[in-house]
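Asker: Need the 3D shape of this:
(2 chains)
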Amino acid sequence: GAGVSQTPSNKVTEKGKYVELRCDPISGHTALYWYRQSLGQGPEFLIYFQGTGAADDSGLPNDRFFAVRPEGSVSTLKIQRTERGDSAVYLCASSLDSTGARAQYFGPGTRLLVL
Amino acid sequence: QKEVEQNSGPLSVPEGAIASLNCTYSDRGSQSFFWYRQYSGKSPELIMFIYSNGDKEDGRFTAQLNKASQYVSLLIRDSQPSDSATYLCAVTGSGANNLFFGTGTRLTVIP
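Answerer: Numbers count the residues shown, from 1 in each chain, chains lettered A, B, ... in the order given. Below you'll find the model as predicted:
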């Protein structure tokens, strides 16, 4: 079946601009996670959704970052007033549910470059 | 701060040998443990998960968990050049469903 998809695959923007990154999880997966990965590091948790609600947004670095999942499927990560330090690969993952034992499957990521 | 530690490597093994990858974690309440493989420029791909102390085998891969020592490892038997990648250890924290990742160990299998 289809895996997690993310668009765009690459995004180049200028400092101060607004960007939206989209994630479409595996069909039937109710839990959706956003991570950010910088070069040479492991993925770093940002936020996760169980259904439509953000169950844990403790990883969001500041209030410039926001994510929504209005219908419990597709999610959008929104970054306002982008900074050069926001440059990273943004990964989305989904799992069958949010039980801690569930395996998370990652999408291909969106590579964000802020100039 | 939950920490997951891995030797960054690089770890080099000859083709056909056993590769041993190690990971320690700081949160004694962690319940679930995952190994992901990540090729350069690609996203993490799930290899194995383990929840209980002991060994779990899947083909050429064996995951080992020792909760008392807060240690999890991945053995790759009959290593192949296609196994060359970065291997990420990930754990769930107590009371949390998100994953905490190590920085990964870069493995090179030499033909």
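Asker: For chain A, what's its nearest residue on chain B.
Answerer: Residue nearest to chain A within chain B: B:Phe101 (3.0 Å; C-beta to the nearest C-beta). For glycine as for every other residue, the C-beta is placed from the backbone atoms N, C-alpha and C.
Asker: Within the helices and strands, which one has the closest residue to that residue other than its chain neighbours?
Answerer: Excluding its sequence neighbours, the residue lying closest to B:Phe101 (C-beta to C-beta, 6 or more residues apart in numbering or on different chains) is A:Gly42, at 3.0 Å. Assigned by DSSP states H and E, A:Gly42 belongs to neither a helix nor a strand.
Asker: Wait, A:Gly42 touches B:Thr105, no?
Answerer: No: contact criterion C-beta atoms under 8 Å: A:Gly42 and B:Thr105 do not qualify, at 10.5 Å.
Asker: worst-scoring helix or strand of chain A, pLDDT-wise?
Answerer: Lowest by mean pLDDT, DSSP states H and E among the helices and strands of chain A is strand A:53-56, with a mean of 88.
Asker: and that strand, which residues are buried?
Answerer: A:Ala54, A:Ala55, A:Asp56 (16 or more other C-beta atoms under 10 Å in any protein chain shown).
Asker: beta partners of the first one?
Answerer: Judged by DSSP bridges, the bridge partners of A:Ala54 are A:Phe49.
Asker: Identify the residues contacting it.
Answerer: By C-beta atoms under 8 Å, 6 or more residues apart in numbering or on different chains, A:Ala54 lies in contact with A:Ile47, A:Tyr48, A:Ala67, A:Arg69.
Asker: Which pLDDT does the model give the residue in chain A that chain B sits nearest to?
Answerer: As assessed by C-beta to the nearest C-beta, chain B sits closest to A:Gly42 within chain A, at 3.0 Å. pLDDT for A:Gly42: 96.
Asker: How about the one 4 residues further on?
Answerer: Note on A:Leu46: pLDDT of 97.
Asker: Flag the shaky bits of chain B, pLDDT-wise.
Answerer: B:1-2 (pLDDT under 70).
Asker: tell me which parts of it are close to chain A?
Answerer: Neighbours of chain A within chain B, by C-beta under 8 Å from any C-beta of the partner chain: B:4, B:31-32, B:34, B:36, B:42-46, B:49, B:51, B:88, B:90, B:92, B:96-104.
Asker: Which of those are buried, as a PyMOL select command?
Answerer: Remark: buried members of those, expressed as a PyMOL selection using 16+ other C-beta under 10 Å:
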select buried, chain B and resi 4+31+32+34+36+43+44+46+49+88+90+92+96+97+98+99+100+101+102+103+104
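Asker: can you tell me how far the residue of chain B closest to chain A sits from A:Asp56?
Answerer: To A:Asp56, B:Phe101 is 16 Å away according to C-beta to C-beta, to the nearest Å.
Asker: Tell me which residues touch the residue positioned nearest the centre of chain A, please.
Answerer: Centroid-nearest residue in chain A, with C-alpha atoms, centre = their mean: A:Trp34, separated by 3.1 Å. A:Trp34 sits next to A:Cys23, A:Phe45, A:Leu46, A:Ile47, A:Tyr48, A:Ala67, A:Ser75, A:Leu77, A:Tyr90, A:Leu91, A:Cys92 when contact means C-beta under 8 Å, 6+ apart.
Asker: Would you verify that it is located in a strand?
Answerer: Yes: membership of A:Trp34 in a strand is supported by DSSP: H, G, I helix; E, B strand; the rest coil.
Asker: Not counting its neighbours along the chain, what's nearest it?
Answerer: Nearest non-adjacent residue to A:Trp34, counting by C-beta to C-beta, 6+ apart: A:Leu46, 4.3 Å away.
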